[in-house]
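Colleague: sequence and predicted structure, then a few things I'm wondering about:
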Amino acid sequence: MQYAANAYAKVARVALSPREAEAAVLLKAAGRLQALGAGVEAGPALNEALGFNQRVWTILASAATDPANPLPVDVRHGMAQLSAYVFHTIMDTMIEPTREKIESLVSLNNHIAAGLQGDAGPGA
């Protein structure tokens, strides 16, 4: 049964559009942060989850701010600002972890993923 699940996951990764793949990886990063639970403590689990989130955002920031990217300049600028916020929050969380900082990162990842999936959210 595990073989079938792994095979399905592999096919799903190949079949995703770039937007869907970006959304999936943001949701994965959010899930890792949420898995830390209510009692956020400095340590290997926190560092791993934050490090994964940082790698995700480094890739997103690099792609979004590339001058060859066809996105409008204001969207690229907005992604650069969001990325700076994420990087600052990650470093701040490594120094002084709090549930609020983790929730901020999780919320941002979930909202960006929803936008990539075409879900504008309530009131849009």
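Modeller: Perfect, thanks for sending it. Numbers count the residues shown, from 1 in each chain.
Colleague: next up, the contacts around the residue nearest the centre of the chain.
Modeller: Nearest to the geometric centre of the chain sits residue 26, at 3.0 Å (CA atoms, centre = their mean). Listed by CB atoms under 8 Å, 6 or more residues apart in numbering, the contact set of residue 26 reads 56, 60, 109-110, 112-113, 116. C-betas here are computed from N, CA, C, even on glycine.
Colleague: which parts of the protein are helices?
Modeller: 2-15, 18-34, 44-65, 73-95, 99-116 (DSSP state H).
Colleague: quick check, distance from the second one to the centre of its chain.
Modeller: Spelled out, it's helix 18-34. 5 Å (CA atoms, centre = their mean, to the nearest Å).
Colleague: between it and helix 44-65, how many degrees?
Modeller: 160 degrees (axes from the mean of the first three to the mean of the last three CA atoms, to 10 degrees).
Colleague: list the contacts of stretch 98-115.
Modeller: Taking CB under 8 Å, 6+ apart as the rule, stretch 98-115 contacts 22-24, 26-27, 29-30, 33-34, 36, 38, 40, 53, 56, 82, 85-86, 89-90, 92-93, 120-121.
Colleague: on that earlier part again, would CSV of the helices of the chain with mean pLDDT be doable?
Modeller: Shown next, in CSV, are these (pLDDT from 0 to 100):
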stretch, mean pLDDT
helix 2-15, 59
helix 18-34, 93
helix 44-65, 94
helix 73-95, 95
helix 99-116, 95
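Colleague: appreciated, that's everything.
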